[in-house]
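Engineer: Below is the structure, and that's it, no one-letter string:
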């Protein structure tokens, strides 16, 4: 697993914890799995899926009653990310404040990460 011993891969704001907890209770799931996939105009997109079974390779982050699992292939890209939940007049949704992102498209749905080798070296050093 990627990361620093004793430090969670991601953190959640109180608003995110509340929303994730509501989703877990309403649907009876064990949490949300966060990952990344190729797509969008900047090259990558975040994914969020309900989890009924926790994969042994997932990194599990529990905070304030909320539980998220970080998919193995996403762990180094998401390390240090803060997950928030924002509500406005026009939209509501999860927002990711990710220090590993080098570019984001105008709509905010698509991202580009710093070079993989740079991320790996930063985590090890």
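Structural biologist: Arrived safely, thanks for sending. Being a predicted model, the structure only gives us computed values, none of them experimental.

Engineer: Next up, the contacts around the residue lying farthest from the centre of the chain.
Structural biologist: Residue farthest from the centre of the chain, counting by Cα atoms, centre = their mean, is residue 89 at 24.1 Å. Listed by Cβ atoms under 8 Å, 6 or more residues apart in numbering, residue 89 has no contact partners. Every C-beta, even on glycine, is put in place using the N, C-alpha and C of the backbone.

Engineer: now it: how far from residue 26?
Structural biologist: 24 Å (Cβ to Cβ, to the nearest Å).

Engineer: Also residue 66?
Structural biologist: 13 Å.

Engineer: Could you check which of those two has the larger neighbour count?
Structural biologist: residue 66 (21 against 8; other Cβ atoms under 10 Å).

Engineer: what residues are up against the residue nearest to that one when sequence neighbours are not counted?
Structural biologist: Using Cβ to Cβ, 6 or more residues apart in numbering and skipping the chain neighbours, the partner closest in space to residue 66 is residue 20 (3.7 Å). Residues in contact with residue 20 (Cβ under 8 Å, 6+ apart) are 12, 31, 32, 66, 67, 68, 85.

Engineer: With respect to residue 97, which of these is nearest?
Structural biologist: Set against residue 97, the nearest of the contacts of residue 20 by Cβ to Cβ is residue 12 (11.0 Å).
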